[in-house]
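Colleague: Predicted structure and sequence below. I'll ask about it afterward.
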There are 2 protein chains.
Amino acid sequence: MIPAADNSENWLDDLKWDEKGLIPAIAQDEKTAKVVMFAWMNRESLAMSVETGRAVYWSRSRKKIWAKGEESGHVQKIKSIRVDCDKDVILLSIEQIGGIACHTGRESCFYFRLEEREAVLEKQAKAPIKTRQYWKAVEPVIKNPDEIYK
Amino acid sequence: MIPAADNSENWLDDLKWDEKGLIPAIAQDEKTAKVVMFAWMNRESLAMSVETGRAVYWSRSRKKIWAKGEESGHVQKIKSIRVDCDKDVILLSIEQIGGIACHTGRESCFYFRLEEREAVLEKQAKAPIKTRQYWKAVEPVIKNPDEIYK
């Protein structure tokens, strides 16, 4: 365990942590190049990620360290870690064990795509284009969540 | 211009905006699959993005609507818009005009990679591995920023 107050890691000091001590992290599959997840890290979880070579996040809802895959087995092996020009966003290149990153049993969490409704009714066809759009689930469930989280 | 208080766009209501009325947005190049940028959107900028087919963000530092490329010409044409399982993160698939997303003149903002220093000194070689790492710029500058922002 790495103490959160350990200031010896200069590369951690280089980062811009937000007012809650967090930094956004994007996980991208190394092979498919798909963006599979977005989560947050605190200093401790990022240090743990580097130490263990596995993605470790900070769960804002549960307010605790969250080693990705600790329940599902869907661990993310880290291939490389990048940060952006402002040093306030992390990009992980990962190998997604099980090929499933999402708790819904899908490969990626980004499975809703903005689509236009088919204008079946005259009334809808006359509506402004923006009100005819909706979020459509476009990626298949690979494994039933009930089977993932037993 | 779309009024921010216009509640008729249901797909906008479906999203979970944070306490500041913002949502994180990831921009991914449609052709190279590179993650090129991360920024924030408010309701108005996302509505404008959909209306215009160009990425429009909310600049937290300047506290104003920021049509990407308005100064640099490096516009992002939107190919598709996705949202994640929690409906609180946007993923844009874009065509990056000029092939440069970053204000530093690079293709992507994510150009720093965490690397291990070469242990040239005995002292460094004995240091804990984490203190020997640093953020190394690994992507070339395609165009000098002075030429981009005249």
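Modeller: Here it is on my side, so go on.
Colleague: What residues does the closest residue to chain B within chain A make contact with?
Modeller: Closest residue of chain A to chain B, C-beta to the nearest C-beta: residue A:33 (3.5 Å). All C-beta atoms are positioned from the backbone trio N, CA, C, and that covers glycine. By C-beta atoms under 8 Å, 6 or more residues apart in numbering or on different chains, the contact set of residue A:33 is B:33-34.
Colleague: before we move on, what SS does it have?
Modeller: Per DSSP: H, G, I helix; E, B strand; the rest coil, the local secondary structure of residue A:33 is coil.
Colleague: Report pLDDT for residue A:117.
Modeller: Per-residue pLDDT puts residue A:117 at 79.
Colleague: try the one 3 residues further on
Modeller: Predicted confidence (pLDDT) for residue A:120: 52.
Colleague: Please enumerate the strands of chain A.
Modeller: A:22-29, A:35-42, A:56-59, A:64-67, A:76-83, A:90-96, A:112-116, A:133-137 (DSSP state E).
Colleague: In a markdown table: those strands, plus distance to chain B and mean neighbour count.
Modeller: Shown next, in a markdown table, are those (distance: least, C-beta to the nearest C-beta, whole Å; neighbours: other C-beta atoms under 10 Å in any protein chain shown):
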| stretch | distance to chain B | mean neighbour count |
| --- | --- | --- |
| strand A:22-29 | 6 | 22 |
| strand A:35-42 | 4 | 23 |
| strand A:56-59 | 12 | 21 |
| strand A:64-67 | 14 | 15 |
| strand A:76-83 | 4 | 20 |
| strand A:90-96 | 5 | 22 |
| strand A:112-116 | 4 | 16 |
| strand A:133-137 | 5 | 15 |
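Colleague: hang on, the earlier thing: how close does the residue of chain A closest to chain B sit to residue B:72?
Modeller: Computed as C-beta to C-beta, to the nearest Å, the residue A:33 to residue B:72 distance reads 25 Å.
Colleague: what do you get for residue A:30?
Modeller: Distance from residue A:30 to residue B:72, by C-beta to C-beta: 30 Å.
Colleague: With residue A:54 instead?
Modeller: For residue A:54, the distance to residue B:72 (C-beta to C-beta) stands at 38 Å.
Colleague: Over to residue A:57?
Modeller: Distance from residue A:57 to residue B:72, by C-beta to C-beta: 33 Å.
Colleague: Is residue A:90 bridged to anything, and to what?
Modeller: The partner list for residue A:90 in beta bridges (DSSP bridges) reads residue A:25, residue A:83.
Colleague: so what's it up against?
Modeller: Counting by C-beta under 8 Å, 6+ apart, residue A:90 touches A:15, A:23-26, A:41, A:46, A:81-83.
Colleague: how about 10 Å then?
Modeller: A:15, A:23-27, A:39-41, A:46, A:49, A:55, A:81-84, B:38, B:110, B:114 (C-beta atoms under 10 Å, 6 or more residues apart in numbering or on different chains).
Colleague: ditto for residue A:68
Modeller: Taking C-beta under 10 Å, 6+ apart, we find residue A:68 in contact with A:27, A:37, A:39, A:45, A:49, A:54-57, A:74-76, A:92, A:94, A:96-97, A:101.
Colleague: hang on, the earlier thing: select, out of the strands of chain A, the one closest to residue B:150.
Modeller: Among the strands of chain A, the nearest to residue B:150 by C-beta to C-beta is strand A:76-83 (28.4 Å).
Colleague: Rounded mean pLDDT for the closest one, please.
Modeller: Here the average pLDDT along strand A:76-83 is 98.
Colleague: Measure how it sits relative to strand A:22-29, angle-wise.
Modeller: In terms of direction (axes from the mean of the first three to the mean of the last three C-alpha atoms, to 10 degrees), strand A:76-83 departs from strand A:22-29 by 120 degrees.
Colleague: Centre of the chain to strand A:76-83, how far?
Modeller: For strand A:76-83, the distance from its own C-alpha centre to the chain's C-alpha centre is 12 Å (C-alpha atoms, centre = their mean, to the nearest Å).
Colleague: quick check: angle from it to strand B:133-137?
Modeller: 60 degrees.
Colleague: could you check the angle strand A:90-96 makes with strand A:76-83?
Modeller: 160 degrees.
Colleague: pull the longest helix from chain A.
Modeller: helix A:43-52 (DSSP state H).
Colleague: my guess is residue A:115 meets residue A:135, correct?
Modeller: Yes: contact criterion C-beta atoms under 10 Å: residue A:115 and residue A:135 qualify, at 7.8 Å.
Colleague: what is in contact with these two at once?
Modeller: What both residue A:115 and residue A:135 touch, as defined by C-beta under 10 Å, 6+ apart, is the set B:11, B:81.
Colleague: Poorly predicted segments of chain A, please.
Modeller: Across chain A, the ranges flagged by pLDDT under 70 are A:1-9, A:118-131.
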